[in-house]
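> Quick one, structure for this:
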Amino acid sequence: MTGVVSIRGTPYGQGDEFVDPPGQILLISFPDMHATGNFSDLVDVTTLDFTKFDTRTSELLSGGVRFVYKAGNNSLSNDLEPGSITTTPNSKVAYVVLQKNNAVAVVDLVTKSITNIYGLGVKDWSKLKMDASDEDGGIHLKSWPIYSYYLPNDLQYFRHGYRGYLVTANEGTSVNLTQEVGWSEVLKGYEFIERNLTGPMVSEEMMSWLANKADLGSLCFTSRNGEDTNDSFTKFVTFGGRSFSIWRTVDLRLVFDSGDDMETETAERIPDLFNAGTDADGTPRSQVDKQSTYRGPRPESVAVGRIGDLTVIFIGSGAPGSVFVYSVHKNVSSPKFESVWSSVGNTRNTWDELFGNRTLRVTDPRQLM
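This is a model prediction of the structure:
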């Protein structure tokens, strides 16, 4: 039996020095239950790193991988941070999320090697709707000419028919190294205007939206959007897909994305929890829309089950805590929305009161099984 462990390698400050440890994956092989001898002597640990991918940096970036912090001669292998893991049923292959890098790594558990890294690219919001502001007076879903990185937090392998797939919960994340080096990748929309960071091809209408906090002015964007900008941005990319996606394992090609379902279904069915904050002394209803400027519903966990020939997908949403249920019958590219569940009781009570009177059972579901 082999266990797979992610070593994230989170950056930190050490005096005046910035340290970004390399991300690693540990393969821990345990002995057979009938093996004899000292247990610790029978355990084998293989450490895998990403240094061999440093020579492919340009290729990976063009394929949708993010290299976020490049200063100080930092390498891609140091910037990569492995996270959630899923394996195939035969335990021959593991898939590892590189969340902040918008990618998935493939690990061959037989040869004990990282065989590939797939970038997930960007999502186009021009024909979808999101609520991009917490200063627009409530729930207002609109289409915008912007993009987002998927940045999944969790993933699960499943088979449907004769093919393997990954389903990802596209939570979003960003890099904030303010304490370590005085730098963050996050820019609010209005900052592009105030700091004169827009390129000459940006329309006056787009500049107006960025300047207005009720439009795109409050939305968090990345300054690491893949452009060679020299502080002149023409493409505006925010954090997280606000969705779940299905990808083919053979080449990580996108098969399905739930688009704007999570926000539209929440707005219709449980509007008192729409992109809501969770300040203890506030009520869910009073904190509606508070998460709209950064990652929205924050889909962060996923589980997959089977009922006969039916594949059932569960997606945990972290803002503030609900579970979406989808089913896949014949066509994996067209899952059907079934329901959304929440355990929050009276939304006029504060979060403290909900917890105290036991009418709050689940918030921020980090893991689904």
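> Just the strands from the stretch 51-200 of the chain, written as ranges.
In the stretch 51-200 of the chain, the strands defined using DSSP state E, counting those that start in this stretch lie at 85-87, 93-98, 103-108, 113-119, 122-124, 147-149, 154-160, 163-169, 176-177, 183-184, 186-188.
> Out of those strands, which is closest to residue 305?
Residue 305 sits nearest to strand 154-160 of all the strands of the stretch 51-200 of the chain, at 8.9 Å, using C-beta to C-beta. (Glycine included, C-beta is placed from N, CA and C.)
> hey, C-alpha coordinates of that closest one in CSV?
Output in CSV follows, covering the C-alpha atoms of strand 154-160 (Å, rounded to 0.1, in the frame of the first residue of the first chain):
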residue,chain,number,x,y,z
ASP,A,154,-10.2,19.9,-4.4
LEU,A,155,-10.6,17.2,-7.0
GLN,A,156,-11.9,13.7,-7.3
TYR,A,157,-11.3,10.9,-9.9
PHE,A,158,-14.3,9.0,-11.3
ARG,A,159,-15.0,6.8,-14.2
HIS,A,160,-18.1,7.2,-16.4
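> In that strand, which residues are buried?
Buried residues in strand 154-160, counting neighbours by 16 or more other C-beta atoms under 10 Å, are found at 154-158, 160.
> which residues of the protein fall in helices?
With helices called from DSSP state H, the chain shows them at 39-42, 57-62, 76-79, 178-181, 189-194, 204-211, 261-269, 351-356.
> Looking at these, which is nearest to residue 116?
Of these, nearest to residue 116 by C-beta to C-beta is helix 57-62, at 9.7 Å.
> how about the closest one: buried residues?
57, 60.
> tell me which strands and helices that helix is in contact with?
Judged by 3 or more C-beta pairs under 8 Å, 6 or more residues apart in numbering; DSSP states H and E, helix 57-62 is in contact with strand 113-119.
> Could you list the buried residues of the strand it packs on?
Applying 16+ other C-beta under 10 Å to strand 113-119 flags 114, 117-119 as buried.
> In the stretch 1-150 of the chain, where is pLDDT below threshold?
Along the stretch 1-150 of the chain, segments meeting pLDDT under 70 span 33-41.
> please redo it, this time with the cut-off set to 90
1-2, 12-18, 29-43, 71-73 (pLDDT under 90).
> same deal with the stretch 151-300 of the chain?
The model of the stretch 151-300 of the chain has pLDDT under 90 over residues 161-162, 179, 225-232, 277-282, 284.
> Swap in 70 and give it another go.
Applying pLDDT under 70 to the stretch 151-300 of the chain flags the ranges 228-230.
> that older thread, would you reformat the helices of the chain as a markdown table and include distance to residue 20?
Below are the helices of the chain laid out as a markdown table (distance: least, C-beta to C-beta, whole Å):
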| stretch | distance to residue 20 |
| --- | --- |
| helix 39-42 | 31 |
| helix 57-62 | 15 |
| helix 76-79 | 4 |
| helix 178-181 | 9 |
| helix 189-194 | 25 |
| helix 204-211 | 31 |
| helix 261-269 | 33 |
| helix 351-356 | 36 |
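> Residue 32 is nearest to which of those helices?
Nearest of these (C-beta to C-beta): helix 39-42, 8.7 Å.
> about what we covered before: show me which of the buried residues of strand 154-160 is closest to residue 50.
Out of the buried residues of strand 154-160, the member with the shortest distance to residue 50 (by C-beta to C-beta) is residue 155, at 17.9 Å.
> Give me the distance between that closest one and residue 161.
As judged by C-beta to C-beta, to the nearest Å, residue 155 and residue 161 stand 19 Å apart.
> coming back round to it: hey, which of the helices of the chain is tucked in deepest?
With neighbours taken as mean count of other C-beta atoms under 10 Å, the helices of the chain reach their highest mean count in helix 76-79, at a mean of 22.
> hmm, back to that, between all of the buried residues of strand 154-160, which two are separated the most?
154 and 160 (18.6 Å).
> Adding distance to residue 282 as columns, could you present the buried residues of strand 113-119 in TSV?
Listed next are those as TSV, based on distance: C-beta to C-beta, whole Å:
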residue	distance to residue 282
114	44
117	41
118	40
119	38
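> what number of residues lie near residue 335?
By the measure other C-beta atoms under 10 Å, the count of residues near residue 335 is 22.
> Ok, residue 309 next?
Using other C-beta under 10 Å: residue 309 sits among 10 other residues.
> wait, doesn't it sit right on residue 161?
No - counting by C-beta atoms under 8 Å, residue 161 is not a contact partner of residue 309; they are 9.5 Å apart.
> thought residue 273 was touching residue 320?
Yes - using C-beta under 8 Å, residue 273 is in contact with residue 320, at 5.9 Å.
> Counting neighbours, go ahead and name the busier of those two.
A count of neighbours by other C-beta under 10 Å puts residue 320 above the other of residue 273 and residue 320, at 27 against 24.
> can you tell me how far the more buried one sits from residue 131?
Counting by C-beta to C-beta, the gap from residue 320 to residue 131 is 15 Å.
> Could you dump the buried residues of strand 154-160 into TSV and include distance to residue 181?
Shown next, in TSV, are those (distance: C-beta to C-beta, whole Å):
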residue	distance to residue 181
154	29
155	30
156	35
157	37
158	40
160	45
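> Among those, which one sits closest to residue 183?
For those, the closest approach to residue 183 (C-beta to C-beta) belongs to residue 154, at 27.4 Å.
> how near is that closest one to residue 85?
Taking C-beta to C-beta as the measure, residue 154 falls 10 Å from residue 85.
> what does residue 31 give?
In this view, residue 31 and residue 85 are 22 Å apart by C-beta to C-beta.
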